[in-house]
Each structure stands twice: as structure tokens, then as C-alpha cells.
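Colleague: compute the structure for the input listed below.
(2 chains)
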Amino acid sequence: MINCSLETILYSKFQIKMSLNLLFILFTLFSSYLPTFVAKPEAADALLKWKTSLTNQNNPLLSSWSLDPTTNLTHVNRTTSTAPCSWYGVHCNDQGDVVKLNLSTSRLNGTLQHFTFSSFASLTHLDLRLNGVFGSIPVEIRYLSKLVFLDLSSNHLSGTIPQEIGMLTNIETLSLHSNNLEGHVPVSLGNLSKLGYLRVDNNNLSGSIPPELGTLYNLVTVNMSVNFLTGHIPSSLGNLTKLSELYLFLNNLTGLIPPSLGNLSSLRILYLYMNKLSGRIPDELGNMKSLNLLLFGHNKLTGSIPASLGNLTKLKILDVHENLLSGVIPPELGKLESLIQLAFSHNELSGQIPASIGNLSRLEQLFFNDNQFNGSIPKELGNLNSLVEMLLLLNRLSGPIPDSLGNLTKLEQFALHDNKLSGYFPEGILNCRKLRYLTLGNNSLVGPVPKSICNLRSLETLYLGSNQFSGGIPQCLVNFSHNLTVLDLRLNRLHGNIPTTFLKRNNNLKTLNLNGNQLQGSIPGTLIDCRKLEVLDLGDNKLTGGFPHWIDTLPEMQVLVLRGNKLNGTLHTSNTETPFPKLRILDLSSNEFTGLLPSKYFKNFKALMSVDGAASGEFYMDGKSMYYDTVELGVKGLRLHLERISVVYNTIDLSVNTFEGEIPDTIGQLRSLRFLNLSRNSLTGRIPTNLTNLVRLEHLDLSSNKMVGKIPGQLASLTFLVVVNFSQNQLQGAIPKGGQFNTFDSSSFQGNNGLCGFPLTKNCGDDGVSSSLMPEEDEDEDEDEDDTFFNGFSWESVAMGYGFGMLIGLGIGWFVFYLGKPRWVIRITEKQPIQT
Amino acid sequence: MAWGSLGALLLILSAAAFTSTVTANSEGDALYALRRSLNDPDNVLQSWDPNLVNPCTWFHITCDQDNRVTRLDLGNSKLSGHLVPELGKLERLQYLELYKNSIQGTIPAEIGNLKSLISLDLYNNNITGNIPPTLGNLKSLVFLRLNDNNLTGRIPRELIGVSSLKVVDVSNNNLCGTIPTTGPFEHIPLSNFENNPRLEGPELLGLVSYDTNCS
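Modeller: As a prediction, this is how the structure comes out:
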């Protein structure tokens, strides 16, 4: 590789010289060769023939490829007899035989089918990398028997790697990576005894790795990553004592990691991540004394981490994340003095974190999250003074957070959430002035939230929620950092008022979550300065005062939860023409609001009006500095905790207030609404028929109001409706039949004296049918013939038309099922040319 | 090379680091198996994220207070593909609503494990094969609507023992044998058996063997 990049450099210089027409210099340069140039018309003809087969034969880079003397006069060669040796990218030996073709990055578009390999018997180097060559690799490549260097990488080659490549027995470098090659890796590669460098990565190769490769003792680099290879890693690879780099990541390899790999005493890089390897990590790997990088992440490895790995004193990265490893961390790993990254996340490791980890003085990243580590955090971790990221979240760590961690002055990310830590807020870590991300949420920390947090001026995410912090919220917490995007203090015991001194300029706060505390007073008007606010959750506090109508002017607001407070008055809106343009979740339930429902809002919730049910882009709200917004909502009869908030979890909950008047018709415009709860108010009037427009609706609760009239029969067409509650109103007439209404039980309808029909035991008499049900059905026939179909299926009725054919099933386009299976997503992001 | 791919790996790591662990979530896994087995042109299953602690926040899934799945509501959703035996793991499922889709294949016998099932609505699909006799284990079943499919074989006599059944509709299939008349079938109108060319009339007790015309 180094040789060939040198060659590239030489070539680019060569071109510059040409373009400057410094002929005399070139003449001097080539004078020693020129006398020996002999015309080799065969090679020249072959190149010209190939050139004409290219789709872009007018490629200016190939303008020298011509026998036309007028063209050649402008170039270095002085007589046509020097063709093709003087042509761009062509190198000849003293006998005038073409020995090297260096056409990398030459904008070649075309196939190799018209390349006459047999005309280049002396060729030792063929470099076509980084072009647009497509089609297959012709079997005639076998004629290049002197070939030492073959690089066809980063093209669009397809088809299989021909067996005949195994006849190129002089080859030392074989690079076919970043193409669309498929089929097996040919066993014949085992004949290439001089091969030192093999790259077939980033293709669509399948089948297994030929064990014959284990006989190629000169191999230094093997890269077969990002393919679809299956089967085991051949143990014969352990014979390759010169091997320095072995990349097999992102395949479907199974079976054990062969213990013989421990013999690879020259190996520096071993990438086996993202396969399906199982079994234990062999103790023998501790013999790979040269190893720098060991990446085994995303496999199915079991057993414990071998203590022998502590012998790998040159190791810089030890990454075994996302496996099924168990047992304790061997204290011997404290000997890995070169280690920069240690990644054990997402395993089943347990026991205490060994104090010896504190010896890893070069460590920058410590990823121990998602395991079962217990005991306290060793104070020795405070010696890791190179540490930038420490992720200990999702373990069972207990006890106080050691003050020694304050020595980690380079620390930027410190995640301790979801553990069992106790004690006060660890003021020691306030010395870590570079902290951008501090999460101590979901532990058992007590005492006040100290003002001194405000010294962490780089902080972007502060998550202290779900602890037992008490006292007030320091005023400075809302203005100490222009970078602060997330302030999450939810579910603590904080009291007093919400701070009012929000930053007026460069306020980057996107999430303010103070849910579930004992905060009092009114919602501060200064929140209006948080122009980027997306999530405001002040639910379940003791807030008083009116609805903060000015909030509807915050352009990014997506989630507004004020439930469970003592807010009162009417929902008057601000004067803005476009209130809440992005709002998707509005929960004002369990307050003391009065007056009419906010029909102006219903008219303007743009985000709830788009018809597409699926999220086109990201399904969840953006992560913010690795924090994910969460919210708890009352939907479908449960309090549901959304670990991450979907961008289509469209919810309006105005229940348990004293709203009065009718449900405005404008509600029918909120076509992508999923959950609508208006229960336990004093609403009057009829149920708007245009609720039928809410085709995504799963939950409709209008119970405990004073509503009259019928339940619109068209609601039976809402096939996603799962939980309905019309109980405790003054509704009349027949309950709609068919569709989802087949599946609702009587509790959804009880407490309405005038309702009849399934599932209530009260039958609709003739009057009921003729006066209320029949007209409804007439309407249905115009709009939706399916309704008639459904109506035929109630358990009481019998008559139905059987002419209904298989309407469905025809015309449904086949959809290639593309699941967000992490592995595949990652495969896509990973599948890029790998730079050497 | 090493550091280039390392960058990519770190991205993976930081993304992976903060997703919560999938705890014992067998119901979510069962439903996810269904998702993998279905074709979903309208993306109605987009929210079925197996990385969440349980499936209760997925659309079209309803849970009880213990976060156990009670309803699966995907009628009229343009789904095709197959049902999966894993559905039988949803112990508290009461409503299985998959009507008016283009689902093919057979009804997994494991549906018979759904002891809490009240309603099995698979009508208007392309389902083939027999009605599994294991449905006779569904002692809470009230609604069994399998009409408008391509079901073959006979109506399993095991269903006679499901005394809770109020509605049975198997019309527009290709069933054979005779129509049961005892137990819950006493009150099912004959029209709910129509358009099964090989299905004989109501069985006359003691006179006709019920698998007449079934081979």
C-alpha cells in the first residue's frame, strides 16, 4: 500500500509537469529509457480497443491514448513508436513491454470485457482502483501470470471472484474491496503463496472463509469484513505468523474464536465485531503480544473475560460490548497500561469493579454500562486522569459516589443513571469543569441540589430525576450554561417556585422536566425566553394560576404536560395566528380549568393534522446529547411511561377539569390524533360526527360528561379504535355495530339510559331501530359500504349479503420488510470504503 | 484503517450505550416475531420497537395493569404474510383482531393456548388450512369470526365444548363435513355457515357421520 501511494504521488507530479509542457525536463527524465523503447503494437491496440469500449472514451485523462501523431505531439512521446509506453498511466520496461498500468482515480467507466489480458503478459502491476468499472472480473485475468499487484477496489464490479485468480501465483497484493462482488471466496486463493495483502471487504460475498488461506505464510493483512460470510473462522489462520491485521467484522460468522489465533504473535489488529461468534474468549489470546486493537463487540460470546488478556500490554482498545459475557472483571486487566478504550457495555458482567482499573492511566473511555456490576464505585477510578467518558449507567452500583472522581479534570461525559447509588449529590465531581453530560437519575440520592452545579458551565445535559433530592431549585440552574439543552429534575422532592431567571439570549434549553415534585406558585412568564423548548413537563406539582397561554407561541414545543396541578381559569389563547405549530402531546388533565374547549387550538395543531400515520424520518424525538425524552401519559386506561417519545404519539388529554360547552367540530381536523381523552368534564351537546376523520384514533374517552344524542354510527369505521368510553352521559339510541364495536364491552356504554343494543343487554326495540339506527345506516351506505358489511356481523343479527368478495388481497403491493434491526442499520453506516 | 472504523464503532457504541436493556419481555418478543412475519406496506407496525421494556406503548397493542398484552388490534391494515406460533405466548390476550387483511397461511395451533381469548376475528383474509381443534381449549371465547377465508377441513367438534361461544361465523370458506348443532352451536344461524360448497347441512344426531364429504 505504501508503495502504491508513493506511485500515485509520483504520478500526480508527472501530470503537473506535463500540463506545464516542461518538455525538456521530461526529456531529461526519460532520456535514459527512450533509446530502448520498442514499439509493442499489440499492447497499444489492446488499450485502444479497451478505451473505445469505455462509456466515457472522451475522458480527457486518456487523451494521450492515441496513435494519432498530432495528438501525441502535444505530449511527451516524440514518435508514435513509443506508444503505448508514453501513454497516461502506462509503464514499460526496458524492452518496451507494458509492466504497470496505474489508472487509479481516472474516471474510467466501463467493463473489463474488452480488455485483452493476453496482450499484457509482462504486466506486474494493475491498478484500477477508484473508478467506475462495472461488470464481472473476466476469467482471462489468468493471462497476467507475472502480476504482483492487482487493485480493482472501489469500483462497481459484480459477479464472482473467478477461481482463475488463483493462477496468479506471483501476486503479493490482491485488493478487490468495495465492489459488489458476490459468491464465495475462491479456495484457489490458497495457491497464492506470495500473497501478503488481501482485501475483499465491502462486497456481498457469502460462503465460508477458505481454510486454505492458513497456508499463505506471507500474509500480513487480511480484510474480509462487511460481507455475508458464514461458517467458522478457520483455525488454520493461526499459522499466519506474519499476520498483522485481521478484519472479519460485519459478517455472519458463527462458532468459536479459534484458540490458535493466540499464535499470531505479530497481530496488531483483530476486528471480529458484529458477527454471531459464540463460546468463550480463548485464554490463548493472551499470547498475542503485539495486539493493539481487539474488537469483539456485537457477538454472542459467553463465559468470563480471561485474565490472560492482562498480558496484552500493548493493547489500546479492548472492546467486547454487546455479548453475553458473565463473571467478574479480572483484576489483571489493570496491567493494560496502553489501554485507551475499555468497552464492556451490554453484557452480564457482575461483581465489583476492580480497583486495579484505576491503574489504566491512559484510559479515555470506560464503558461499563448495562451490566450487573454491584458494590461501590472504587475511589481508584479517580486516578484515571485521561478519562473523557465514563459510562456506568444501568448497573447495580451502590453506596456514595467517591469524591476522588473530582480529579478527572478531562471528564466530559459521566453517566451514572439507573443504579442504586446513595448519599448526597457528589460535590467532588463539580471539579470536572469540562463536564457536558451528567446523569445521576434514578438512584437514591438525597439532600439538596447544590448551587455549585452552576459552576459546570459546559453542561449540556443535567439529569437528576428520580432521586430523593429535596429543597428548592437553585435559581442559577436555569441560566448557568448557554449549552444546557436538558434539565431533568423530575420525580424528586423539590419544593418552592420554578426558577424565573431563564437566559434571555442564546437559550438552548429544549427539555425542562420538573414533573412529580412539590413545586408551587405559578408558571413563570419568563419561560417564554426558552425559544427552543420542545418538551415542558411540569405535571404533578402544586402549581397554581392560569393557563400560560403565551406558551403557545414557542415554535418548537412538541410536548406540553401540565397535568395534576391546580391550574385554573379558561384556556384563552395568545394572539398568535399559529399557536403550537408542532405540538403533538398536550396533557392538561386533572386541573381546575373551566370554560370552553380551545377550538382555536384544535384548528391550528398543524402537527396533528398530517394524515400520514407513519413517521417519515426518525420515529422518536431526537436524542439530545445522548438523553432521550420520556413522558408518562394516561392512555388506554393505563398510566403509560414512554421511555422514548415517538413523534407520532399524538395525544390530547383534557380530562378531569370543568370544561363546558360542546366539543368543537374543529376537532375533526386532527386527523393523526391517536389518543383523545375529554372525560370527566361538563361537556354538553352531541358527539361530533367528524370524529370519524380521526383515522388513527386508538383511544376515545368522552365518559362522565353531559353529552346527548347518538353515538355516530360512522365511528364503527375507525378500525384502530381500541378503547372507547362513552359511559356516564345522556346518550341515546343504538350503539354502532360492526368493526371494532364488535369488541367493546358494556362498561364502555353504561350509565346512558337511552343507549341500546350490543353489548348492552337492553335491546333496541322497533322504535329504537327505526328512529335512530336506520337513518344512520342510510348515511353509511353513501360513505362507506364496509359499514353495511360490519353491521351484518353483530351477534344478534343474521342477515348479511354474501356477495362480498375478496376485495382485499388484490392490489396490495409487495413491501420489502425492512425492520430497524440495529445490525442492518449499522451495516449501512459501516459499509463505506475503509481507508488505510 | 483502524482509526477510521473505530470512529464508526464509537458511534455505534454511544448509540448503544443509552438504549435500555431488553429485560425479560417474552410478549414483546412474540409480537415482534409477528411483525417480522408480516408485510406492512402502510407501516402500521412502525412503533413495534423490541428495544422497549414492554410492548405496551406500541400502537395497536393494549395492556392491562401488569403490562401484559390484552388486545391486538390490526383490522383493515393491509397486512399480508403469516401468523406465527409465538402468538400463543400472549397468555392474557382477550382480543385478537386481524380481520380484513391479506394474511395467508394457517391458523397456528398455538392460538389454542390463549386461555383468556374472548374474540378471535380473522375474517376476510386469505387463511388456508384447518380450523385447529385446539381452539376448543379457549374456554373464554365468545366471538369466533373466521368467515371469508380459504379454510378447509371440518369444523372441529372440540368447539362444541366452548360454552361461552355466542358468535361463530365461518361462511365463505371451503369447509367440509356437517354443521354442528349442539352446545353453543344451537343458536348460531345457518347463514353463518353459508358458501362452503362441501359443508353439508346441520348434522342430524345419530344419523349422519359428521365427516361426510371430507377426505
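
Colleague: A:Tyr247 pairs with what?
Modeller: Here A:Tyr247 sits in beta bridges with A:Asn223, A:Tyr271, going by DSSP bridges.

Colleague: A:Thr254 versus that one, what's the distance?
Modeller: Using Cβ to Cβ, to the nearest Å, one gets 18 Å for the distance from A:Tyr247 to A:Thr254. Quick note: C-beta positions are derived from backbone N, CA and C, even for glycine.

Colleague: between those two, point out the one with more neighbours.
Modeller: More neighbours surround A:Tyr247 than the other of A:Tyr247 and A:Thr254, with 23 against 17 (other Cβ atoms under 10 Å in any protein chain shown).

Colleague: test my guess that that one contacts A:Asn223.
Modeller: Yes - with contacts counted by Cβ atoms under 8 Å, A:Tyr247 reaches A:Asn223, the gap being 4.2 Å.

Colleague: who touches residue 139 in this structure?
Modeller: Picked chain A for this. Taking Cβ atoms under 8 Å, 6 or more residues apart in numbering or on different chains as the criterion, A:Val139 is in contact with A:162-164.

Colleague: my bad, the chain I had in mind was chain B
Modeller: Listed by Cβ under 8 Å, 6+ apart, the contact set of B:Lys139 reads B:115, B:162-164.

Colleague: switch to 7 Å and redo it
Modeller: Residues in contact with B:Lys139 (Cβ atoms under 7 Å, 6 or more residues apart in numbering or on different chains) are B:115, B:162, B:164.

Colleague: in helices, which of the contacts of A:Val139 fall?
Modeller: Residues from those lying in helices, with DSSP state H as the criterion: none.

Colleague: for these, which one is nearest chain B?
Modeller: Closest approach between the contacts of A:Val139 and chain B, by Cβ to the nearest Cβ: A:Pro162, at 26.3 Å.

Colleague: so who does that closest one touch?
Modeller: The contact partners of A:Pro162, by Cβ under 7 Å, 6+ apart, come to A:137, A:139, A:141.

Colleague: distance to A:Gly351 added to these, as a markdown table?
Modeller: Output for these, formatted as a markdown table (distance: Cβ to Cβ, whole Å):
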| residue | distance to A:Gly351 |
| --- | --- |
| A:Ile137 | 53 |
| A:Val139 | 58 |
| A:Ile141 | 56 |
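
Colleague: burial count for residue 127?
Modeller: This is for chain A. By other Cβ under 10 Å, the residues close to A:Asp127 number 25.

Colleague: was after chain B, sorry
Modeller: 24.

Colleague: what is the burial count for A:Ser727?
Modeller: Neighbours of A:Ser727 under the rule other Cβ under 10 Å: 19.

Colleague: list the contacts for it?
Modeller: Counting by Cβ under 7 Å, 6+ apart, A:Ser727 has contacts A:703, A:747-752.

Colleague: for the residues you listed, please prepare a markdown table with the additional fields pLDDT.
Modeller: Compiled in a markdown table, the contacts of A:Ser727 are given as follows (pLDDT from 0 to 100):
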| residue | pLDDT |
| --- | --- |
| A:Ser703 | 97 |
| A:Ser747 | 94 |
| A:Ser748 | 95 |
| A:Phe749 | 96 |
| A:Gln750 | 94 |
| A:Gly751 | 95 |
| A:Asn752 | 95 |
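
Colleague: scan those residues and report the most crowded one.
Modeller: A:Phe749 (26 neighbours).

Colleague: thinking again about what came up before, please identify which of the contacts of A:Pro162 is nearest to chain B.
Modeller: Set against chain B, the nearest of those by Cβ to the nearest Cβ is A:Ile137 (23.4 Å).

Colleague: which strand or helix spans the closest one?
Modeller: Assigned by DSSP states H and E, A:Ile137 belongs to no helix or strand.

Colleague: pLDDT value on it, please?
Modeller: pLDDT recorded at A:Ile137 is 97.

Colleague: hang on, it packs against A:Leu157?
Modeller: Yes - A:Ile137 lies in contact with A:Leu157 (Cβ atoms under 7 Å); the separation is 6.0 Å.

Colleague: could you dump the contacts of A:Val139 into a markdown table and include pLDDT?
Modeller: Formatted as a markdown table, those follow (pLDDT from 0 to 100):
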| residue | pLDDT |
| --- | --- |
| A:Pro162 | 97 |
| A:Gln163 | 96 |
| A:Glu164 | 95 |
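
Colleague: just the residues you listed now: which is nearest A:Phe619?
Modeller: Nearest to A:Phe619 among the contacts of A:Val139, counting by Cβ to Cβ, is A:Pro162 at 44.0 Å.

Colleague: ok, back up a step: what is in contact with A:Tyr247 and A:Asn223 at once?
Modeller: A:Asp201.

Colleague: low-confidence ranges, the stretch 601-750 of chain A, go.
Modeller: Applying pLDDT under 70 to the stretch 601-750 of chain A flags the ranges A:611-616, A:623-626.

Colleague: do the same with chain B
Modeller: Scanning chain B for pLDDT under 70 picks out the ranges B:1-24, B:203-213, B:215.

Colleague: can you give me the strands for it?
Modeller: Taking DSSP state E as the criterion, chain B contains strands spanning B:38-39, B:61-63, B:69-73, B:80-82, B:95-97, B:102-104, B:119-121, B:143-145, B:167-169, B:176-179, B:198-202.

Colleague: what comes up buried for the last one?
Modeller: I take that to be strand B:198-202. For strand B:198-202, the neighbour count (16 or more other Cβ atoms under 10 Å in any protein chain shown) marks B:198-200 as buried.

Colleague: okay, these in a markdown table with distance to A:Gly327 next?
Modeller: Below are the buried residues of strand B:198-202 laid out as a markdown table (distance: Cβ to Cβ, whole Å):
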| residue | distance to A:Gly327 |
| --- | --- |
| B:Arg198 | 63 |
| B:Leu199 | 62 |
| B:Glu200 | 66 |
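
Colleague: of the residues you listed, closest to chain A?
Modeller: The closest of these to chain A turns out to be B:Leu199 (Cβ to the nearest Cβ; 13.6 Å).

Colleague: that closest one and B:Phe193 touch, don't they?
Modeller: Yes - counting by Cβ under 7 Å, B:Phe193 is a contact partner of B:Leu199 at 6.0 Å.

Colleague: quick check: neighbours shared by these two?
Modeller: Joint contacts of B:Leu199 and B:Phe193 (Cβ under 7 Å, 6+ apart) are B:Ile179.

Colleague: who are the neighbours in contact with A:Leu277?
Modeller: Contacts for A:Leu277 (Cβ under 7 Å, 6+ apart) come out as A:253-255, A:257, A:299-301.

Colleague: so which of those sit within strands?
Modeller: Secondary structure from DSSP E places A:300-301 of these in strands.

Colleague: closest to B:Gly129 out of the contacts of A:Leu277?
Modeller: B:Gly129 lies nearest to A:Thr254 out of the contacts of A:Leu277, by Cβ to Cβ, at 33.8 Å.

Colleague: could you check how far the closest one is from A:Thr241?
Modeller: Distance from A:Thr254 to A:Thr241, by Cβ to Cβ: 26 Å.

Colleague: now do B:Arg198
Modeller: Relative to A:Thr241, B:Arg198 is positioned 73 Å away (Cβ to Cβ).

Colleague: same deal with A:Leu477?
Modeller: Taken as Cβ to Cβ, the span from A:Leu477 to A:Thr241 is 60 Å.
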